[in-house]
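Enquirer: Here you go, sequence then predicted model.
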Amino acid sequence: MSGIEGKLSSSSSELDLDRPNIEDYLPSGSSIHEPRGKLRLRDLLDISPTLTEAAGAIVDDSFTRCFKSNPPEPWNWNVYLFPLWCFGVAIRYLVLFPVRVIVLTIGWILFLSSVIPVHFLLKGHDKLREKMERFLVELLCSFFVASWTGVVKYHGPRPSMRPKQVFVANHTSMIDFIILEQMTPFAVIMQKHPGWVGLIQSTILESVGCIWFNRSEAKDREIVAKKLRDHIQGVDNNPLLIFPEGTCVNNQYSVMFKKGAFELGCTVCPIAIKYNKIFVDAFWNSRKQSFTMHLLQLMTSWAVVCDVWYLEPQNLKPGETPIEFAERVRDIISVRAGLKKVPWDGYLKYSRPSPKHTERKQQSFAESVLRRLEEK
Amino acid sequence: MGNTSSMLTQYDIEEVQQHCNNAFSQQEILSLYDRFCQLDRNGGGFISAEEFLSVPEFAVNPLSQRLLRMLDGLNFKEFVAFLSAFSPRATLQHKIEFIFKVYDSDGNGKVTFNDMLDVLHDLTGQFISEQPREQVLTQVLEEAGYTKESLLVMSDFVKILGSSGLKMEVEVPVD
């Protein structure tokens, strides 16, 4: 959240081009009630519609709802259930957690002891080296998934390695990537993180061809768009996985998809991911906890249960704009994963909405005032 | 963060209810408390302007800056009192008082031509320039029997707005 206080991020004007008309989604109070007859003093003084909208937003708004973690209902509320719950906690923390840590450690040891030799010894044999590194990354992801007792049900045909296709999925946590990666060696486009995550990003994930971006840099967009295009052209590159929401959402809603993935001129294969909340809430609320804490939380829960659907590949329809294409694919994914759609750009987490929206309201009111002034 | 409404005692809820003249039910006050804590991210006991503006639906409202001046530094009890004007149980008088307070930015009980001009400017932005804006306001004022120099008080607002069937209500979601 640093450095953004009180000023619009410079990329916000570009964000506008990314989204369809928000007015279509906002509650009907967004237009001042149909004006009738000659303009009177009370029409100017009566600001109740605008005030009602503001108060409505203060009391509840669809954007904040997308990022609300919903802790499960506590069930340990009586004298019989409470000891049972304590017993459960003991098992989770004292038995499951150490076992999982061991499993994860074994996975890392296996991985590092294989990937380092492979990386150096096979320097001349690039193709073979890449294949081995891909396999090892997939293996490491499987260990990660096992370390949360991940029970993943994959539906639909497995992605095939073809050129000119990208994969898009809804985003709940960084573990989305790990869950998908254990099946298929995707190259993913991700926000560059600090700390140990960033270290992994720069070393291991480089080998599967990942692309990094930095949300807070406006110029970054063009650089990233170019990297995307280059990646698609490369025949040998791993299929590209993109999370068009651009940020983690709580798996009950979906925010608007950025059009970047939809104007690359290739087939878009949607993937829907839905986590089962009964066991753990897999939403990574990056404002509330670090990724390390998030992983620890997962490792001390019973299981991470989720469904992954590989959906039918989509192409840009004739006469469809990339924004409409993005919305159509978002619709497909949201229906499959049972997500409610909201008309907000995920990046509004980090920056203010563009003044254009306020201006539209002002313009509509101004026009109605001037028009009614003329009436008799 | 767990169940934050457990931090409000029955006594607290009743105190807040009294302060807002029973505009909200106890359930609604609990919901509003959850919402208050959700918006008050740094836990300072009040919601800062930044935190309000992080709600995009609020940030795009033309009167957001005016309202922020009224919302600045409010604790939970005052926050509920602020919102009580929007309760279905609020009287018409209360609602008109709220509107009056939005106009009367210096709080002296009198709304001047400039106060009304400022609000009109907020609502119409750059789409009506200064001269036409003044002309429009002057014209409707004179037609209603006032002048540019008139200072409107609460009873004037009641007279002007009282008959127009003011609709100013929000629903507090209660789960």
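Expert: Alright, I've got the coordinates. All values reported here derive from a predicted model rather than from experimental measurement. Numbering: from 1, shown residues only, chains lettered A, B, ... in the order given.
Enquirer: what residues does the longest strand seen in chain A touch?
Expert: Across chain A, the longest stretch assigned as strand under DSSP state E is strand A:267-275. Outside strand A:267-275, the residues that touch it by CB atoms under 8 Å, 6 or more residues apart in numbering or on different chains are A:159, A:164-170, A:172, A:176, A:179-180, A:241, A:251, A:261-262, A:281-283, A:304-315, A:325, A:329, A:332-334, A:336-339. To be clear about C-beta, it is placed using only N, CA and C from the backbone, and glycine gets the same treatment.
Enquirer: After it, which helix or strand is next?
Expert: Note on strand A:267-275: by DSSP states H and E, the next helix or strand toward the C-terminus is helix A:291-299.
Enquirer: which stretch of helix or strand covers residue B:17?
Expert: Going by DSSP H and E, residue B:17 is in helix B:10-19.
Enquirer: Just the buried residues of that helix, please?
Expert: Using 16 or more other CB atoms under 10 Å in any protein chain shown as the test for burial, helix B:10-19 gives B:13, B:16, B:17.
Enquirer: could I get these as CSV with distance to residue A:368?
Expert: Shown next, in CSV, are the buried residues of helix B:10-19 (distance: CB to CB, whole Å):
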residue, distance to residue A:368
B:13, 43
B:16, 39
B:17, 39
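Enquirer: Could you point out which of those residues is nearest to chain A?
Expert: Comparing the buried residues of helix B:10-19 against chain A with CB to the nearest CB places residue B:16 closest, at 15.1 Å.
Enquirer: check contacts around the closest one.
Expert: Neighbour list for residue B:16: B:29, B:76, B:77, B:80 [criterion: CB under 8 Å, 6+ apart].
Enquirer: right, and the pair among those with maximum separation?
Expert: The most widely separated members of the contacts of residue B:16 are B:29 and B:77, with 9.9 Å between them, by CB to CB.
Enquirer: Please name the nearest non-neighbouring residue to the residue of the stretch 201-350 of chain A found nearest chain B.
Expert: The nearest approach of the stretch 201-350 of chain A to chain B comes at residue A:348, 4.8 Å away (CB to the nearest CB). Leaving aside its chain neighbours, residue A:348 sits nearest to residue B:56 (4.8 Å; criterion: CB to CB, 6 or more residues apart in numbering or on different chains).
Enquirer: Quick check, the one you found in contact with residue A:65.
Expert: No. Residue B:56 lies out of contact with residue A:65 (CB atoms under 8 Å); the separation is 11.9 Å.
Enquirer: okay, the two: which has more neighbours?
Expert: A count of neighbours by other CB atoms under 10 Å in any protein chain shown puts residue B:56 above the other of residue B:56 and residue A:65, at 22 against 17.
Enquirer: Contact partners for that one?
Expert: Residue B:56 is in contact with A:61, A:63, A:344, A:348, A:352, A:353, counting by CB under 8 Å, 6+ apart.
Enquirer: what about the last one, distance to chain B?
Expert: Taking CB to the nearest CB, to the nearest Å as the criterion, residue A:353 is separated from chain B by 5 Å.
Enquirer: so how far is residue A:110 from that residue?
Expert: Taking CB to CB, to the nearest Å as the measure, residue A:353 falls 48 Å from residue A:110.
Enquirer: Those two: which is more packed in?
Expert: More crowded of residue A:353 and residue A:110, by other CB under 10 Å: residue A:353, with 24 against 14.
Enquirer: for the chain, what spans make up the helices?
Expert: All of this is about chain A. For chain A, the helices defined by DSSP state H cover A:12-17, A:41-45, A:48-59, A:62-65, A:81-90, A:97-121, A:126-147, A:175-181, A:195-203, A:220-233, A:291-299, A:322-337, A:355-374.
Enquirer: I was after chain B.
Expert: Using DSSP H, helices in chain B cover B:10-19, B:26-39, B:49-53, B:56-59, B:64-71, B:76-83, B:92-103, B:113-124, B:130-143, B:154-161.
Enquirer: Pull out the buried residues from the fifth one.
Expert: Read it as helix B:64-71. Neighbour-count burial for helix B:64-71 [16+ other CB under 10 Å]: B:64, B:66, B:67, B:68, B:71.
Enquirer: Turn these into a markdown table, including distance to residue A:133 and pLDDT.
Expert: Output for those, formatted as a markdown table (distance: CB to CB, whole Å; pLDDT from 0 to 100):
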| residue | distance to residue A:133 | pLDDT |
| --- | --- | --- |
| B:64 | 52 | 95 |
| B:66 | 59 | 94 |
| B:67 | 56 | 95 |
| B:68 | 53 | 95 |
| B:71 | 55 | 93 |
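Enquirer: Just the closest of the residues you listed to chain A, please.
Expert: Out of those, the member with the shortest distance to chain A (by CB to the nearest CB) is residue B:67, at 5.5 Å.
Enquirer: In contact with the closest one: list those residues for me.
Expert: Residue B:67 touches A:51, A:54, B:61, B:102, counting by CB under 8 Å, 6+ apart.
Enquirer: about what we covered before: I'd like the helices of chain A written out as TSV, with distance to residue B:162 and mean pLDDT added.
Expert: Formatted as TSV, the helices of chain A follow (distance: least, CB to CB, whole Å; pLDDT from 0 to 100):
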stretch	distance to residue B:162	mean pLDDT
helix A:12-17	41	42
helix A:41-45	9	88
helix A:48-59	13	94
helix A:62-65	34	90
helix A:81-90	57	88
helix A:97-121	66	89
helix A:126-147	65	87
helix A:175-181	56	91
helix A:195-203	61	81
helix A:220-233	53	80
helix A:291-299	55	89
helix A:322-337	45	95
helix A:355-374	21	91
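Enquirer: With distance to chain B as extra columns, can I get those in TSV?
Expert: Formatted as TSV, the helices of chain A follow (distance: least, CB to the nearest CB, whole Å):
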stretch	distance to chain B
helix A:12-17	11
helix A:41-45	4
helix A:48-59	4
helix A:62-65	5
helix A:81-90	15
helix A:97-121	21
helix A:126-147	26
helix A:175-181	22
helix A:195-203	22
helix A:220-233	21
helix A:291-299	14
helix A:322-337	18
helix A:355-374	3
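Enquirer: and those as JSON lines, adding distance to residue B:110?
Expert: Shown next, in JSON lines, are the helices of chain A (distance: least, CB to CB, whole Å):
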{"stretch": "helix A:12-17", "distance to residue B:110": "39"}
{"stretch": "helix A:41-45", "distance to residue B:110": "14"}
{"stretch": "helix A:48-59", "distance to residue B:110": "20"}
{"stretch": "helix A:62-65", "distance to residue B:110": "38"}
{"stretch": "helix A:81-90", "distance to residue B:110": "62"}
{"stretch": "helix A:97-121", "distance to residue B:110": "67"}
{"stretch": "helix A:126-147", "distance to residue B:110": "67"}
{"stretch": "helix A:175-181", "distance to residue B:110": "59"}
{"stretch": "helix A:195-203", "distance to residue B:110": "58"}
{"stretch": "helix A:220-233", "distance to residue B:110": "51"}
{"stretch": "helix A:291-299", "distance to residue B:110": "55"}
{"stretch": "helix A:322-337", "distance to residue B:110": "50"}
{"stretch": "helix A:355-374", "distance to residue B:110": "24"}
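Enquirer: For residue 101, which residues are in contact?
Expert: Went with chain A since none was named. Contacts of residue A:101 by CB under 8 Å, 6+ apart are A:147, A:299.
Enquirer: To clarify, I was referring to chain B.
Expert: Applying CB under 8 Å, 6+ apart, we find residue B:101 in contact with B:70, B:107.
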